[in-house]
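Asker: pasting the sequence and the predicted model now:
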Amino acid sequence: MDRLSRLLEAALFAASRPVTLDELRRLDPEASEGELRAALTALRLRYDEGGHGIELAELADGWQVLTRPELADALAQAQLVDRPRRLSTAAMETLALIAYRQPVGRSEIEEVRGVAADGVLRLLQDRGLVAVVGRGEGLGRPLLYGTTPLFLELLGLKSLQDLPRVDELAVALTPLAPESIEGA
Amino acid sequence: MTFATPPTDDRAFVVQLAEFSGPLDLLLTLIRDQEIDITDIPIARIADQFVAAIHQLGLNQAADYLEMAARLLRIKVQMLLPRRFDDEAWEDPRAELVRRLLEYEQIREIVGWLVDRATLRADRFARGWAPEAPERPAAPLVLDLASLLHAVDDVLRGMPQPMLHRVVARPLDVEGATRRIEGLLAERERFDLREAFGEAPTIADVISTLLAILELARLGRVHLAQQSPFSPVDVNRGPVEQAA
């Protein structure tokens, strides 16, 4: 491997979260974005084709070294890893709503789900999956929520663009009417 | 969810509410499981089933469901109001409910997708997922009277005159014992606790030594280790920085 690939491998190995391209660029300011991407792709192929236990994944606007899924059961059985706790249906519904309508206020979430949302919102904030991203213009300037990079990381998404588009869903409906956004 | 009776008997259409994330979830399940056309909901029947279902709920939990029940009953009444056949201005009172149900169904579909993704991702571990090694609980000290007496006997055997009942005029000499232990420590890095008792110890010597060793251990000047109950107690200088 050339020096840039070795640097990238070292940085990705040491990082405990996805590392963005901008951060990786600091390793070698002279490398162009094309060179960086080429080196990352080469590294990924190296892991994929070399029979490694890890892979290079592109997620949450960055790159991360992850263990291979086929090894998951063995690792979990040996108690060397912890699977993240699953979220309740109520929490997933709230998360789905926030992901699609962010920034979104509590009252709109409650309106769509038909149940109070404060407990679930607190849980999602505690888990670091959603955060307050601003305040609405409406009465009382309600808090508006959005998803965090951790949300993308835990779903293995590159960005919010990876979410299925609303018109691709079986239940076709366009809920993103401007008036439905809180305080807008 | 489970049905207690076949869904032909509308009033006994029993569902387990704990499994629903809210009134829309329940309502949508009632509709979908009976394969009802969502744009033409038989509102009277569904409202009755809904009300029957929420009878199982405690009041606190039921607030959100009661609101929906009220909404359904209102729509039911609106549907009963007479209207002329050619009334073009008539708005289906169910329209808003249908919109909400479809909207909710879409959320359900997205949740399904998100859960699939999260499951796939959960099989790939990033650095830092290794859980802390669980702290081993201290081995429970299982003693019986015989072994305890045996241990006492072991200590007494080292004394020429194991007189337990005699009132000893001489007070405990903790300072002397401390000096004796420090002397041993200066010579050697580790020794057996019994060596610290001195030659031909009396009960007072043993107790003095024990008090001295506990005090020194509290001050961090010695470290004590014992492999198992009643095994010899190892007295040592402890970590290097202490001895330096």
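Answerer: Yep, it's here. Numbering: from 1, shown residues only, chains lettered A, B, ... in the order given.
Asker: how far is the strand or helix carrying residue A:4 from where the chain is centred?
Answerer: Assigned by DSSP states H and E, residue A:4 belongs to helix A:3-14. Relative to its chain's centre, helix A:3-14 lies at 22 Å (Cα atoms, centre = their mean, to the nearest Å).
Asker: from the contact counts, what lies against it?
Answerer: helix A:21-25, helix A:33-49, strand A:62-67 (3 or more Cβ pairs under 8 Å, 6 or more residues apart in numbering or on different chains; DSSP states H and E). Placement of C-beta: from N, CA and C, glycine included.
Asker: check which residues of the shortest one are buried.
Answerer: To tie it back to what came earlier, the one meant is helix A:21-25. Buried positions in helix A:21-25, judged by neighbour count with 16 or more other Cβ atoms under 10 Å in any protein chain shown: residue A:24.
Asker: same check, this time on the second one
Answerer: By neighbour count, with 16+ other Cβ under 10 Å as the criterion, the buried positions of helix A:33-49 are A:36, A:39-40, A:43-44, A:47.
Asker: most distant residue from the centre of chain A?
Answerer: residue A:139 (31.4 Å; Cα atoms, centre = their mean).
Asker: surely it is in a strand?
Answerer: No. Residue A:139 is assigned coil when assessed by DSSP: H, G, I helix; E, B strand; the rest coil, not a strand.
Asker: ramachandran angles for it?
Answerer: Note on residue A:139: its backbone torsions stand at phi -60, psi 130 [degrees, to the nearest 10].
Asker: which residues are in contact with it?
Answerer: Taking Cβ atoms under 8 Å, 6 or more residues apart in numbering or on different chains, we find residue A:139 in contact with no residue.
Asker: and it, how close does it get to residue A:105?
Answerer: Using Cβ to Cβ, to the nearest Å, we find residue A:139 at a distance of 11 Å from residue A:105.
Asker: JSON lines for the helices and strands packed on helix A:3-14, including mean pLDDT and distance to residue A:164?
Answerer: Shown next, in JSON lines, are those (pLDDT from 0 to 100; distance: least, Cβ to Cβ, whole Å):
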{"stretch": "helix A:21-25", "mean pLDDT": "91", "distance to residue A:164": "25"}
{"stretch": "helix A:33-49", "mean pLDDT": "93", "distance to residue A:164": "25"}
{"stretch": "strand A:62-67", "mean pLDDT": "93", "distance to residue A:164": "22"}
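Asker: what sits against the spatially most central residue of chain A?
Answerer: Nearest to the mean C-alpha position of chain A, by Cα atoms, centre = their mean, lies residue A:152 at 0.6 Å. Going by Cβ under 8 Å, 6+ apart, residue A:152 touches A:59-61, A:158-160.
Asker: list buried residues within those.
Answerer: Here, 16+ other Cβ under 10 Å leaves A:59-61 buried among the contacts of residue A:152.
Asker: need the contact list for the nearest residue to residue B:67 once chain neighbours are set aside.
Answerer: Leaving aside its sequence neighbours, residue B:67 sits nearest to residue B:23 (Cβ to Cβ, 6 or more residues apart in numbering or on different chains; 7.3 Å). By Cβ under 8 Å, 6+ apart, residue B:23 lies in contact with A:114-115, B:50, B:64-65, B:67-69.
Asker: neighbour count and distance to residue A:97 added to the residues you listed, as TSV?
Answerer: Conversion of those to TSV gives the following (neighbours: other Cβ atoms under 10 Å in any protein chain shown; distance: Cβ to Cβ, whole Å):
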residue	neighbour count	distance to residue A:97
A:114	21	12
A:115	24	12
B:50	22	23
B:64	19	16
B:65	24	20
B:67	13	19
B:68	22	18
B:69	18	23
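Asker: if we can go back for a sec, contacts for the helix holding residue A:4, please.
Answerer: Residues contacting helix A:3-14 (Cβ under 8 Å, 6+ apart): A:1, A:19, A:23-24, A:27-28, A:31, A:35-36, A:39-40, A:42-43, A:56, A:63-65, B:127.
Asker: shaky segments in the chain?
Answerer: No chain was given, so I picked chain A. A:170-184 (pLDDT under 70).
Asker: sorry, I should have been clearer: chain B.
Answerer: B:1-18, B:56-62, B:86-87, B:128-139, B:161-171, B:239-244.
Asker: give me that answer again for 50
Answerer: B:1-13, B:130, B:241-244 (pLDDT under 50).
Asker: does the longest helix anywhere in it reach chain A?
Answerer: Of all the segments of type helix in chain B, defined by DSSP state H, the longest one is helix B:95-122. Yes. Using Cβ under 8 Å from any Cβ of the partner chain, helix B:95-122 reaches chain A at B:99-100, B:102-111, B:113-115, B:117-118, B:120-122.
Asker: how far out from the middle of the chain is the helix or strand just after that helix?
Answerer: Sequence order places helix B:145-157 as the next helix or strand after helix B:95-122, per DSSP H and E. Distance of helix B:145-157 from the chain centroid (Cα atoms, centre = their mean) equals 41 Å.
Asker: quick one: the strands in chain B?
Answerer: With strands called from DSSP state E, chain B shows them at B:190-192, B:223-226, B:233-236.
Asker: looking at those strands, which is nearest to chain A?
Answerer: strand B:223-226 (28.4 Å; Cβ to the nearest Cβ).
Asker: residue A:95 is in contact with residue A:145, correct?
Answerer: No. If you go by Cβ atoms under 8 Å, residue A:145 and residue A:95 don't touch, sitting 9.9 Å apart.
Asker: anything in contact with each of those two?
Answerer: Common neighbours of residue A:145 and residue A:95 (criterion: Cβ under 8 Å, 6+ apart): residue A:130.
Asker: domain assignment for chain A?
Answerer: A:3-77, A:89-180 (automatic domain parsing).
Asker: quick revisit: closest to residue B:185 out of the helices and strands packed on helix A:3-14?
Answerer: Minimum separation from residue B:185 across these (Cβ to Cβ) falls at strand A:62-67, 49.6 Å.
Asker: which other helices and strands contact the closest one?
Answerer: If contacts are counted by 3+ Cβ pairs under 8 Å, 6+ apart, strand A:62-67 sits against helix A:3-14, strand A:19-20, helix A:21-25, strand A:54-59.
Asker: ok and it relative to helix B:95-122, angle-wise?
Answerer: Orientation of strand A:62-67 against helix B:95-122 (axes from the mean of the first three to the mean of the last three Cα atoms, to 10 degrees) gives an angle of 60 degrees.
Asker: now do strand A:62-67: distance to the chain's middle.
Answerer: Remark: strand A:62-67 is offset 12 Å from the chain centroid, using Cα atoms, centre = their mean.
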